[in-house]
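1. quick one: sequence and predicted model below, then my questions.
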Amino acid sequence: MHGSIRDRLEDLLRAEPTTAGHEGTAHLLSCTECSTQLGQMKAQAEMLKTLRSPAEVEPAPGFYARVMQRVEEGVRVSMWGAFATSRFGTRLVYASLTLAVVLGSYVVAENNQDAYVGRHGMLARSVHLDAPVFGDLQQQRDAVLENFASH
């Protein structure tokens, strides 16, 4: 088809060639190729109209319920979803949380048992008063420095 007909093809298919416009009708009257193709397209459009149902089709009762049931049956359950929906899963979650709280409180209690906050806001270990003191003051300072450096 030529450009002038191709641009106005939908208008030409809906209307008669005489009402489609002066330039379209002049071209269709002079060009047999375009008028043949347009005729074939009109015949095809008429055949498609015969396939249309005479009345609006309503789905059978319960159609939507069956569709939703099939959709729900087709949903895959993830591995984690099994824990959330079963009694065993909820008990396992609660037991794990309880164990985490107990272990966390134990760790905090053990760390804070011999510690206190010093005057600079740092956590310091308390010194046992009954521990023996060896060496002079400089040796003790060197031992403390070496201990800090090794950690």
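-> The structure has been received and is ready for your questions. All of these numbers come straight from a predicted model, not from anything done at the bench.
2. if I've got this straight, Ser53 is in a strand?
-> No - looking at Ser53 with DSSP: H, G, I helix; E, B strand; the rest coil, it is coil, so not inside a strand.
3. count the residues that sit near it.
-> Burial of Ser53 is recorded as 6 neighbouring residues (other CB atoms under 10 Å). Placement of C-beta: from N, CA and C, glycine included.
4. OK, contacts around it?
-> Ser53 makes no contacts at all, as judged by CB atoms under 8 Å, 6 or more residues apart in numbering.
5. the one helix or strand Asp142 maps to - what's its average pLDDT?
-> Using DSSP states H and E, Asp142 sits within helix 137-150. The average pLDDT within helix 137-150 is 81.
6. ditto for stretch 53-71
-> 86.
7. would you mind writing the CA trace of it as PDB?
-> What follows is stretch 53-71, C-alpha atoms only, in PDB (Å, rounded to 0.1, in the frame of the first residue of the first chain):
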ATOM      1  CA  SER A  53     -20.800 -14.000  20.200                       C
ATOM      2  CA  PRO A  54     -24.300 -12.700  19.900                       C
ATOM      3  CA  ALA A  55     -24.700 -12.000  23.600                       C
ATOM      4  CA  GLU A  56     -22.500 -11.100  26.400                       C
ATOM      5  CA  VAL A  57     -21.100 -14.300  28.000                       C
ATOM      6  CA  GLU A  58     -21.300 -14.600  31.700                       C
ATOM      7  CA  PRO A  59     -19.200 -17.100  33.600                       C
ATOM      8  CA  ALA A  60     -20.800 -20.000  35.300                       C
ATOM      9  CA  PRO A  61     -21.800 -19.700  39.000                       C
ATOM     10  CA  GLY A  62     -18.800 -20.500  41.200                       C
ATOM     11  CA  PHE A  63     -16.300 -19.800  38.500                       C
ATOM     12  CA  TYR A  64     -14.400 -17.200  40.500                       C
ATOM     13  CA  ALA A  65     -14.400 -19.400  43.600                       C
ATOM     14  CA  ARG A  66     -12.800 -22.200  41.600                       C
ATOM     15  CA  VAL A  67     -10.200 -19.900  40.100                       C
ATOM     16  CA  MET A  68      -9.200 -18.600  43.500                       C
ATOM     17  CA  GLN A  69      -9.100 -22.200  44.900                       C
ATOM     18  CA  ARG A  70      -6.700 -23.200  42.100                       C
ATOM     19  CA  VAL A  71      -4.500 -20.200  42.700                       C
END
